[in-house]
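> Predicted structure and sequence below. I'll ask about it afterward.
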Amino acid sequence: MLPNRRQLLTGATVAALATPAFTTGAAAAPSKTAFNTAGIDAALANLVRDGAVGVTTSVVGPGGTYLSAAGKRDLQKDSARPQDRARIASITKAMIAVLVMQRIEAGQWTLRTTIDQVTPGLYPGHGGVTVAQLMNHTSGMPDGIYSLLPDREWYTWTVQDLEAAVVPYHSEQELVELSRRLPWEFEPGTGWSYSNVGYVVLSMMLEAATGSRIQDVVRDRVFKPAKMQQSRLEESTLVRGRYLLPYGNFQAGLAPLPLVNPSIFSGAGGVYATAEDITDFTGALMTGRLLRKDLVDAMATPVGAAQQARYGYGLYLINGPCRTAAGTPEVLIGHDGAGFGTRAVSFTTRDASRRMALAYTGRSYVEEGPDPDAAMNAALIAGFRATCPTSAPTTPASGKGPASGGAGSLRL
């Protein structure tokens with residue numbers, strides 16, 4: 001049985017914060033902001049107090065961008081810095097969906113383009129599944145990646161169990177073959193089930209269509225135009241540059257995971273990036289620098305069976321802590337990521353005027369005890385509340401804050 005991700009908070013406020021367990025990193029000052037950042041740093045300190053080892057964040061609002069960090073990059077070395085990279089896991093899916101939509105914008109594919117039209121024979125018996133169904137998880141494709149993990153309760157896993165799955169190199173073809181051994185979940189289009197392998201298949205389709213590795217395609221067509229200078233889709237245990245070392249909190253205690261191989265997720269979750277790069281990505285996407293407006297709107301619009309999860313194409317929707325001028329809860333657009341030893345989250349308003357990204361290490365693999373996820377959600381609330389328009393009051397403490405989006409059914 002796999003553990004479920006903690007849902008994004010409903011109706012919680014940022015509580016009084018205690019002293020962090022580790023040294024708090026100094027906040028950067030990349031530009032002057034017109035919003036109060038004290039609550040953001042307090043929320044990061046609380047996140048470290050509640051079990052995170054290191055955390056970085058980028059908050060964009062009136063007047064500019066605020067970068068901050070807390071805790072340790074590596075418990076044996078130094079403190080986290082705002083420009084440290086982290087594994088952002090499933091936030092990668094939004095970038096792969098952008099690549100698919102770029103082909104649609106160019107007239108090379110449509111939302112009805114099928115697996116067999118691009119990669120014939122890749123998934124026998126299910127070659128009629130469309131890119132739309134893969135992007136919004138309505139294909140019914142099983143997620144064979146989970147068969148690499150121990151077949152017992154997740155809170156009994158050890159660091160050795162995870163290393164057995166995440167250290168070896170896994171080819172995209174291997175991940176698809178693992179999935180092909182499992183029964184299909186449901187008739188395509190009739191249900192919703194989150195599938196990492198669906199995005200591995202999309203990556204293979206993009207590679208076949210472009211003649212390039214997915215690492216190079218995302219670099220050239222997403223990272224470069226979005227000016228994400230510190231981002232890479234990694235493909236080995238070697239991670240270039242400074243990054244937050246993944247840690248897991250197991251029953252036996254806190255342990256590092258220094259040799260995570262992102263190939264286990266490929267285009268479903270292999271990107272490392274700084275928090276600032278992630279807010280640069282959502283800014284570029286929402287303002288039309290990566291796709292034209294109607295295709296961005298399509299990415300942020302749940303359709304069919306995906307409406308139950310509020311999941312569009314590589315993005316999902318949550319209710320933010322602020323209200324619109326009309327008094328209705330604002331809608332935020334983004335994705336979260338759950339990696340081995342890491343968690344990340346990224347959301348934005350549709351006009352990109354307010355956006356936030358956060359990543360932390362020290363993920364919990366215990367059934368009971370401190371879990372940093374609640375504090376991560378409190379930090380998300382703090383960031384968006386700090387940037388609320390003055391004409392749009394925040395929701396009261398008893399009201400609803402961010403609610404779970406489409407990725408809330410999985411935790412890895």
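Now that the structure is in, tell me what you want to look at.
> can I get the CA coordinates of the helix or strand hosting Val197 in CSV?
Assessed by DSSP states H and E, Val197 sits inside helix 196-210. What follows is helix 196-210 as a C-alpha-only set of coordinates in CSV (Å, rounded to 0.1, in the frame of the first residue of the first chain):
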residue,chain,number,x,y,z
ASN,A,196,3.7,8.7,-13.9
VAL,A,197,4.2,6.2,-16.7
GLY,A,198,1.8,8.2,-18.8
TYR,A,199,4.3,11.0,-18.8
VAL,A,200,7.1,8.6,-19.5
VAL,A,201,5.2,7.6,-22.6
LEU,A,202,4.7,11.3,-23.6
SER,A,203,8.4,11.8,-23.2
MET,A,204,9.1,8.9,-25.5
MET,A,205,6.6,10.2,-28.1
LEU,A,206,8.4,13.6,-28.0
GLU,A,207,11.7,12.0,-28.5
ALA,A,208,10.4,10.0,-31.4
ALA,A,209,8.9,13.1,-33.0
THR,A,210,11.9,15.4,-32.5
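> buried set for the helix or strand just after that helix?
Proceeding N to C from helix 196-210, the next assigned helix or strand is helix 214-218, under DSSP H and E. Neighbour counts over helix 214-218 (16 or more other C-beta atoms under 10 Å) mark Ile214, Gln215, Val217, Val218 as buried. No exception for glycine: its C-beta is placed from N, CA and C like everyone else's.
> List the residue ranges of the stretch 201-350 of the chain that fall below the pLDDT cut-off.
Scanning the stretch 201-350 of the chain for pLDDT under 70 picks out nothing.
> re earlier: how far does the helix holding Val197 sit from its chain's centre?
18 Å (C-alpha atoms, centre = their mean, to the nearest Å).
> For it, which residues meet the burial criterion?
196-207, 209-210.
> Which of those residues sits closest to Leu47?
Nearest to Leu47 among these is Asn196, at 25.7 Å by C-beta to C-beta.
> Which residue lies closest in space to the closest one, excluding its sequence neighbours?
Ala268 (4.0 Å; C-beta to C-beta, 6 or more residues apart in numbering).
> which residues touch the one you found?
Neighbour list for Ala268: Ser90, Thr92, Lys93, Ile96, Asn196, Val197, Gly198, Tyr199, Val200, Ser203 [criterion: C-beta atoms under 8 Å, 6 or more residues apart in numbering].
> please redo it, this time with the cut-off set to 7 Å
For Ala268, the contacting residues are Ser90, Thr92, Lys93, Asn196, Tyr199, Val200, by C-beta atoms under 7 Å, 6 or more residues apart in numbering.
> Could you do Thr210 as well?
Thr210 touches Val217, counting by C-beta under 7 Å, 6+ apart.
> Can you verify my assumption that Gln102 contacts Arg221?
Yes: when contacts are counted by C-beta atoms under 7 Å, Gln102 is listed as touching Arg221 (6.1 Å).
> since we're on Pro183, how many residues are nearby?
A total of 6 residues lie near Pro183 under the criterion other C-beta atoms under 10 Å.
> and if you look at the one 5 residues further on?
Each residue near Pro188 was counted by other C-beta under 10 Å, and the total is 20.
> any idea which element it lies in?
Remark: Pro188 resides in no helix or strand, with elements defined by DSSP H and E.
> From Leu148, how far off is Thr324?
44 Å (C-beta to C-beta, to the nearest Å).
> can you check Ala208 too?
Taking C-beta to C-beta, one finds Ala208 at 24 Å from Leu148.
> which residues of the stretch 1-150 of the chain fall in strands?
Remark: strands assigned in the stretch 1-150 of the chain by DSSP state E, counting those that start in this stretch are 54-61, 64-71, 86-87.
> Check the stretch 201-350 of the chain too.
Applying DSSP E, counting those that start in this stretch to the stretch 201-350 of the chain gives strands spanning 232-233, 247-250, 253-256, 271-273, 316-323, 329-339, 342-348.
> most packed of those?
Mean neighbour count (mean count of other C-beta atoms under 10 Å) peaks for strand 271-273 among the strands of the stretch 201-350 of the chain, with a mean of 29.
> Quickly run through the sheet partners of that one, with directions.
Its sheet considered, strand 271-273 pairs with strand 86-87 (antiparallel), strand 232-233 (antiparallel) by DSSP bridges.
> Give me the pLDDT value at Pro389.
At Pro389, the model reports a pLDDT of 86.
> And for the one 4 residues further on?
With respect to pLDDT, Pro393 has a value of 48.
> now do Tyr365
92.
> Can you give me the distance of it to Ile381?
Applying C-beta to C-beta, the value for Tyr365 to Ile381 is 25 Å.
> One more: Arg85?
Arg85 is 25 Å from Ile381, where distance means C-beta to C-beta.
> ok, now Arg103?
Taking C-beta to C-beta, one finds Arg103 at 36 Å from Ile381.
> Counting neighbours around each, name which of the two comes out higher.
Ile381 (25 against 19).
> So what sits opposite Arg363 in the bridge?
Residues in a beta bridge with Arg363, per DSSP bridges, are Gly248.
> Next up, the contacts around it.
Going by C-beta under 7 Å, 6+ apart, Arg363 touches Gly248, Asn249, Gly341, Thr342, Arg343.
> residues contacting the fourth one?
Neighbour list for Thr342: Ala86, Arg87, Ala89, Pro246, Ala359, Thr361, Arg363 [criterion: C-beta under 7 Å, 6+ apart].
> how far away is it from Ala359?
According to C-beta to C-beta, Thr342 stands 6 Å off from Ala359.
> Now the common contact residues for the two.
Ala86.
> give me the number of residues near Leu122?
Neighbour number of Leu122 under other C-beta under 10 Å is 18.
> Surely it and Thr114 touch.
No: using C-beta under 7 Å, Leu122 makes no contact with Thr114, being 10.4 Å away.
> can you list the residues that contact stretch 290-297?
Val98, Met101, Gln102, Ile104, Glu105, Val222, Pro225, Ala226, Ala284, Leu285, Met286, Gly288.
> Of those, grab the buried ones for PyMOL.
Selecting the buried subset of the contacts of stretch 290-297 in PyMOL, with 16+ other C-beta under 10 Å as the burial test, is done by:
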select buried, resi 98+101+102+104+222+226+284+285+286
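> Just give me the closest of the contacts of stretch 290-297 to Arg355.
Closest approach between those and Arg355, by C-beta to C-beta: Met286, at 7.9 Å.
> Good, wrapping up.
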